[in-house]
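J.: turn this into a structure:
(one chain, ligands or ions: 2)
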Amino acid sequence: MILILCDSPGFPQRAIGPYRIAHALRQQGLTVEVVDFISHWPWDQLVDYIKGLGPIEWVGFSTKFGTHGQDSVDQGRITELTRAQEDWLFNWFGSQAVPRVVGGPIADQQRPYLVGSVDWIVRGYADLAVLALDRHIRDREQPVIHTLWQGLKIIDADRDYGDWDLANISTEFVSTDWVTPGEIFPIEIARGCRFKCAFCNFSHTGKAPGTYIRPMSSIAQDILHRWNNHGGRCFLFVDDTFNDSTEKMQALADLRSELATPWEFWAYCRLDLLRAQPAQQDLVEPLGWRSMTWGIETFNRASGSAVGKGADPERLKQFIETARARWPDNQFMTHIIVGLPNDTKETIRDTADWFIENSHLLDSVKFMPLMIYNNNDPLGRTSPQPMANDPGAWGYRTYPTEKQGQPWVTLNWVKKGMSFFQAIELAREQTARVHATGRMQFESNLRWPRMEHLVDPERILSHYLAGKQLLNQQRQQGSQTI
Ligand code: B12
Ligand code: SF4
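T.: Ligands and ions are numbered 1, 2, ... in the order given. The predicted model follows:
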């Protein structure tokens, strides 16, 4: 058996990456089990479960998405477990001579901390890389392209195994996933984005139209699987910018009506595009788009123009009012970046003031410090972020992080009117200020999803743990039927 451990970031919603990898391996006839939500298991139960699994061919860890808590000695490097618990896992599999593989969004960023703890790191979309790696683990004669760094074997999947087919990236859930009927399920819609914002650290930006969207027939297959087999009615549409193509939106609205599956969903949205394109606005309801996270990023016009988000802030504010009036039951969330070129403490406070005065319009506002990535990393970890190529051109003086945060991956910065550390503090303060009004309703799910009892975290976790416990008992009695 191949074991994939993960700690889905949006608990109790599942991340799709680890399940995609599991499905790709299962399509080759391999037996794979995913053990999710690992920081939510009672620790002794997780240990007992892992020890009871029987022979494991290799173990894969799917990382969390962020590097939060990095400075704390108590926090795991790639999961939300404690450092000691995470180390126990690395050591346990090491002591059993089980090859340890790490993949997922921050796998390579954490490389220096994984030396001696794991064997393989896979960076990027690993749909094909993981098949080559599996063959290699079974038979050393089978090649897998990798480089060596301090005993770690590193596979650059985006560079060497990037030829995956958008028509063949479906993801299905199986009985050992112990899905609760009606969970909110992730579905991949696209892999890439047309734009290239200066601050963006996603590797697949600047795509040509028509080159990065999954074919509708393959999206339909995933939707029907979740709808028919698992009672899926609400989805997370995994796509960096869902409304970067009106054609894609139209095609999905058509699919929703053709399949007669009136789903509802969450997706990331560029508010400036939605505002500017009435055709997109008219699709919101036919699409079932009930929850949006807007990449507003800034209400500072000069900052916005400098980084490729040049929309007129006053028009955006007006449109937020229009959107709330037009879609009163929809959930709206947004992110604001702190530290863009023309930001000052005052402009950020003004932005927060506007959200406080208008807190009935949104469900959540998250201020986040600008991260500038390092393209002179001694380990050669490069970033796709345009700003990383020449921070000075945007007015930043940068210096290495050394011991703080993610040493060398991101940089400390100073610009006129603000430093990185001030941005961190401001972001924390202003997020708290905005939410202190108590009017933002994200946590209580008042607007979406409507069937909140179906997505109750405790209910999903207890169903999951009870199911896994049953599997464990069956395994120990040698009577596995699931
Ligand atoms: C959807 C999403 C979210 C959702 C997740 C909901 C959910 N239940 O899944 C939410 C809104 C919760 C979220 C939150 C955050 N996110 Co986010 N998110 C995304 C997004 C758009 C899609 C992720 C995804 O599912 N992709 C599709 C799957 C198939 O790709 P994947 O997960 O990378 O998996 C592939 C590989 O990584 C690999 N792989 C994965 N697991 C494994 C395991 C093994 C063993 C192997 C070998 C390979 C492997 O193979 C998979 C298939 O090819 C990405 C951008 C993107 N397009 O990837 C950002 C992204 C992952 N998020 C990011 C960030 C920063 C965050 C936050 C930290 C933001 C914040 N400050 O709050 C939080 C972190 C939350 C947390 N607690 O960790 C960054 C990560 C930054 C980085 N790498 O430097 C990204 C890349 C966006 C960006 N460009 O900045 N996010
Ligand atoms: S920030 Fe959003 S819109 Fe801009 S390049 Fe990145 S994914 Fe695309």
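
J.: could you use CA atoms for every contact and neighbour count after this?
T.: Will do.

J.: work out which residue lies at the spatial centre of the chain.
T.: For the chain, the residue nearest the mean C-alpha position is Phe65 (5.5 Å; CA atoms, centre = their mean).

J.: just the helices in the stretch 351-482 of the chain please.
T.: With helices called from DSSP state H, counting those that start in this stretch, the stretch 351-482 of the chain shows them at 386-389, 420-435, 457-476.

J.: again, but for the stretch 151-300 of the chain
T.: Secondary structure of the stretch 151-300 of the chain, counting by DSSP H, counting those that start in this stretch: helices at 157-160, 216-224, 230, 246-259, 271-276, 278-287.

J.: just tell me which of the ones you listed ends up closest to Thr431.
T.: Smallest distance to Thr431 across those (CA to CA): 19.8 Å, for helix 271-276.

J.: so which elements touch the closest one?
T.: Packing contacts for helix 271-276, counted by 3 or more CA pairs under 8 Å, 6 or more residues apart in numbering; DSSP states H and E, involve helix 278-287, strand 289-297, helix 313-326.

J.: turn the ones you listed into a markdown table, columns for distance to ligand 1, mean pLDDT and mean neighbour count.
T.: Output for the helices and strands packed on helix 271-276, formatted as a markdown table (distance: least, CA to the nearest ligand atom, whole Å; pLDDT from 0 to 100; neighbours: other CA atoms under 10 Å):
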| stretch | distance to ligand 1 | mean pLDDT | mean neighbour count |
| --- | --- | --- | --- |
| helix 278-287 | 18 | 98 | 16 |
| strand 289-297 | 8 | 95 | 21 |
| helix 313-326 | 20 | 97 | 15 |
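
J.: burial check on Gln27, number of neighbours?
T.: Neighbourhood size, Gln27 [other CA atoms under 10 Å]: 10.

J.: Glu172 now?
T.: Residues within reach of Glu172, counting by other CA under 10 Å, total 20.

J.: thought His23 was touching it, still the case?
T.: Yes. Under the criterion of CA atoms under 8 Å, Glu172 makes contact with His23 at 6.4 Å.

J.: tell me if the helix-or-strand element of the chain with minimal mean pLDDT is near ligand 1.
T.: When each helix and strand of the chain is scored by mean pLDDT, DSSP states H and E, helix 111-114 comes last, with a mean of 89. No. Using CA under 6 Å from any ligand atom, helix 111-114 stays clear of ligand 1, with a minimum separation of 12.7 Å.

J.: residue numbering should commence at 33 henceforth.
T.: Okay, residue one is now 33; in that scheme the one you just asked about reads as helix 143-146.

J.: against which helices or strands is the helix or strand that that helix is followed by packed?
T.: With elements assigned by DSSP states H and E, the helix or strand that comes after helix 143-146 is strand 152-155. With contacts taken as 3+ CA pairs under 8 Å, 6+ apart, strand 152-155 sits against strand 132-135, strand 184-188, helix 189-192.

J.: which of these sits closest to ligand 1?
T.: strand 132-135 (3.6 Å; CA to the nearest ligand atom).

J.: give me the contact list for that closest one.
T.: For strand 132-135, contacts defined as CA atoms under 8 Å, 6 or more residues apart in numbering pick out 90-95, 122, 125-126, 150-156, 158.

J.: up against ligand 2, what does this protein have?
T.: Cys225, Phe227, Lys228, Cys229, Cys232, Thr237, Asp272, Thr273.

J.: please identify, among the residues you listed, the one with the most neighbours.
T.: The member of those that has the most neighbours, counting by other CA under 10 Å, is Cys225 with 24 neighbours.

J.: what pLDDT does it get?
T.: pLDDT, Cys225: 91.

J.: with Gly340 instead?
T.: Note on Gly340: pLDDT of 85.

J.: same question for Ile216.
T.: On the pLDDT scale, Ile216 is placed at 93.

J.: who's in contact with it?
T.: Gln45, Gly264, Arg265, Cys266, Phe267, Leu268, Val487.

J.: now swap in Arg507 and tell me
T.: Taking CA under 8 Å, 6+ apart, we find Arg507 in contact with Gly84, Leu85.

J.: need the pLDDT of it.
T.: On pLDDT, Arg507 comes in at 88.

J.: thinking again about what came up before, including pLDDT and neighbour count, could the contacts of Ile216 go into CSV?
T.: Formatted as CSV, the contacts of Ile216 follow (pLDDT from 0 to 100; neighbours: other CA atoms under 10 Å):
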residue, pLDDT, neighbour count
Gln45, 92, 18
Gly264, 94, 23
Arg265, 94, 21
Cys266, 94, 26
Phe267, 96, 26
Leu268, 96, 21
Val487, 71, 20
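
J.: closest to ligand 2 among those residues?
T.: Using CA to the nearest ligand atom, Leu268 is the member of the contacts of Ile216 that sits closest to ligand 2, with 16.1 Å.

J.: how about Tyr428, nearest residue that isn't a chain neighbour?
T.: Closest residue to Tyr428 apart from its sequence neighbours, by CA to CA, 6 or more residues apart in numbering: Lys447 at 4.8 Å.

J.: OK, contacts around the one you found?
T.: Residues counted as contacts of Lys447 (CA under 8 Å, 6+ apart) are Pro373, Gly427, Tyr428, Arg429.

J.: OK, contacts around the last one?
T.: Same thing as Arg429. Going by CA under 8 Å, 6+ apart, Arg429 touches Pro423, Trp445, Val446, Lys447.

J.: near ligand 1, from the residues you listed?
T.: Near ligand 1, taking CA under 6 Å from any ligand atom as the test, no member of the contacts of Arg429 is found.

J.: out of these, who's nearest ligand 2?
T.: Ligand 2 lies nearest to Pro423 out of those, by CA to the nearest ligand atom, at 17.0 Å.

J.: my guess is the closest one contacts Thr430, does it?
T.: Yes. Counting by CA under 8 Å, Pro423 touches Thr430, with 7.2 Å between them.

J.: tell me which of those two has more neighbours.
T.: Using other CA under 10 Å as the criterion, Pro423 and Thr430 rank with Thr430 on top: 21 against 18.

J.: which bits of the stretch 133-282 of the chain sit near ligand 1?
T.: The stretch 133-282 of the chain has residues 133-138, 154, 156-159, 162, 232-234, 270-272 near ligand 1, with proximity defined as CA under 6 Å from any ligand atom.

J.: buried only: go through the residues you listed for me.
T.: For these, a neighbour count by 16 or more other CA atoms under 10 Å gives the buried set as 133-138, 154, 156-159, 162, 232-233, 270-272.

J.: roughly how far apart are Leu303 and ligand 1?
T.: To ligand 1, Leu303 is 16 Å away according to CA to the nearest ligand atom, to the nearest Å.
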